[in-house]
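# What follows is a predicted structure for the sequence shown.
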Amino acid sequence: MNFDELIEKMTPQMHQSIKTAIELGKWPDGKKMTAEQLDICLRAVIQYDCNLPEEERTGYIDRKRADGTTKGVNPLEEQVIKFH
């Protein structure tokens, strides 16, 4: 099974378990994650999140106000910097 197939078969419960392991830096059995395991798990969470709606992704920040306008600056949009 390759990485993409693994992501396709990942359940929401597995996704949450991996996110918790990343947050704690250890597996549910208490064993510490190696740097390689952490790297693979981070990539798996990011890849899995790509299939979720934007508002359900890890790190999503809701910038909408109650009136429907957006607060703050979209970090993905190009910004113009002016020097005086």
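Noted; the coordinates are in hand. Residues are numbered from 1 along each chain as shown.
# show me the contacts for the residue positioned nearest the centre of the chain.
The geometric centre of the chain, computed from its C-alpha atoms, lies nearest to Thr58 (Cα atoms, centre = their mean), at 3.3 Å. Counting by Cβ atoms under 8 Å, 6 or more residues apart in numbering, Thr58 touches Lys19, Val45, Ile46, Asp49. In short, each C-beta sits where N, CA and C put it, glycine included.
# List just the nearest of those residues to Lys71.
For the contacts of Thr58, the residue nearest Lys71 by Cβ to Cβ is Asp49; the value is 23.2 Å.
# Could you find the closest non-adjacent residue to that closest one?
What sits nearest to Asp49 in space, not counting adjacent residues and going by Cβ to Cβ, 6 or more residues apart in numbering, is Arg57, at 4.3 Å.
# biggest separation within the contacts of Thr58, which pair?
Every pair of those checked by Cβ to Cβ; the farthest is Lys19 and Ile46, at 10.8 Å.
# of the two, who's got more company?
Neighbours were counted for Lys19 and for Ile46 using other Cβ atoms under 10 Å; Lys19 has more, 17 against 13.
# For Asp49, grab the count of nearby residues.
17.
# looking at it, it is touching Arg43, isn't it?
No. The criterion here is Cβ atoms under 8 Å, and Asp49 misses it with Arg43 at 10.7 Å.
# if we can go back for a sec, reformat the contacts of Thr58 into TSV and put distance to Asn74, secondary structure and pLDDT next to each item.
As requested, those are exported to TSV (distance: Cβ to Cβ, whole Å; DSSP: H, G, I helix; E, B strand; the rest coil; pLDDT from 0 to 100):
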residue	distance to Asn74	secondary structure	pLDDT
Lys19	25	helix	93
Val45	23	helix	93
Ile46	20	helix	90
Asp49	18	helix	91
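# I'd like the residues you listed written out as TSV, with distance to Pro75 added.
Listed next are the contacts of Thr58 as TSV, based on distance: Cβ to Cβ, whole Å:
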residue	distance to Pro75
Lys19	22
Val45	20
Ile46	17
Asp49	17
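# what ranges do the strands span in the chain?
With DSSP state E, there are no strands along the chain.
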